[in-house]
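Undergrad: Here is my input, please return the structure:
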Amino acid sequence: EDYLAYAYEINRESYDSIASIFIGDPRVIVSHNGCGDKEGCCSAVTYNAANSSLKNDSSGNDIVEVHTIDVEFAGKDITYLKINTVGTEMDVLKGAASTIKRCLPKLAAAIFMQEDLWHKVPEFIWSIDGRYDIYFRQYAPQATICLAVPPSVTHYKKRGSPEGMT
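TA: Presented below is the predicted three-dimensional model:
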């Protein structure tokens, strides 16, 4: 089955590594940009090879473009959205609200040591569509994923399946 995967990575070292893995693969598009709740530029702070974050000031060591999912994927259907931004998951979700409402994709949002995200992420997803089922999966002491599963019958009908198919 054909698919396209888009990866946004603000950490230059991680971006270079990911891009080199998928070089020549037309199904994977890797971008040295970030995602958030508005279009613009932000300062990227790199802590180590695996951790970076966006700042709304000039304290970072790299400037990256930031896009919303709604702008980047206007008119395109998405079926799965994974968010692992180490603290700005809510910004990405806010910038994807119209796309989530339109496409009802499966969602996976990392929730790290921020207790308020345990409530904010599911509440925000339910504010978009209250029919999502929410699950949490802990992978390590500080690595938990909020999984949001859309209403499957509506999801399949939206994709063009015959009436009555469940």
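Undergrad: pLDDT below threshold where in the chain?
TA: Residues of the chain that meet the criterion pLDDT under 70 lie in 1, 46-61, 113-115, 152-166.
Undergrad: Just give me the residue right at the centre of it.
TA: Central residue of the chain (CA atoms, centre = their mean): residue 83, 3.2 Å from the mean position.
Undergrad: For that residue, give me its contacts.
TA: By CB atoms under 8 Å, 6 or more residues apart in numbering, the residues touching residue 83 are 35, 89, 92, 93, 107, 108, 109, 110. Where you see a C-beta, it was placed from the backbone N, CA and C, and this is true even at glycine.
Undergrad: roughly how far apart are residue 33 and residue 13?
TA: Distance check for residue 33 against residue 13: by CB to CB, to the nearest Å, it reads 15 Å.
Undergrad: So which of the contacts of residue 83 is the closest to residue 142?
TA: Checking the contacts of residue 83 against residue 142 with CB to CB, the nearest one is residue 110 at 10.1 Å.
Undergrad: So what does the residue nearest to that closest one when sequence neighbours are not counted have for phi and psi?
TA: Residue nearest to residue 110 in three dimensions, not counting chain neighbours: residue 84, with 4.1 Å by CB to CB, 6 or more residues apart in numbering. Main-chain dihedrals, residue 84, degrees, to the nearest 10: phi -140, psi 80.
Undergrad: Am I right that residue 93 sits in a helix?
TA: Yes: Residue 93: assigned to a helix according to DSSP: H, G, I helix; E, B strand; the rest coil.
Undergrad: residues in contact with it?
TA: Contacts for residue 93 (CB under 8 Å, 6+ apart) come out as 83, 100, 109, 121, 124, 125.
Undergrad: now do 10 Å
TA: 35, 37, 69, 81, 83, 85, 100, 107, 109, 120-121, 124-125, 127-128, 148 (CB atoms under 10 Å, 6 or more residues apart in numbering).
Undergrad: do residue 66 as well
TA: 8, 10, 33-42, 44, 54, 56, 88, 91-92, 95.
Undergrad: hmm, back to that, ok, what's across the strand from the residue nearest to the centre of the chain?
TA: Residue 83 forms beta bridges with residue 109, as assigned by DSSP bridges.
Undergrad: what's the answer for residue 43, then?
TA: Going by DSSP bridges, residue 43 is paired in beta bridges with residue 55, residue 63.
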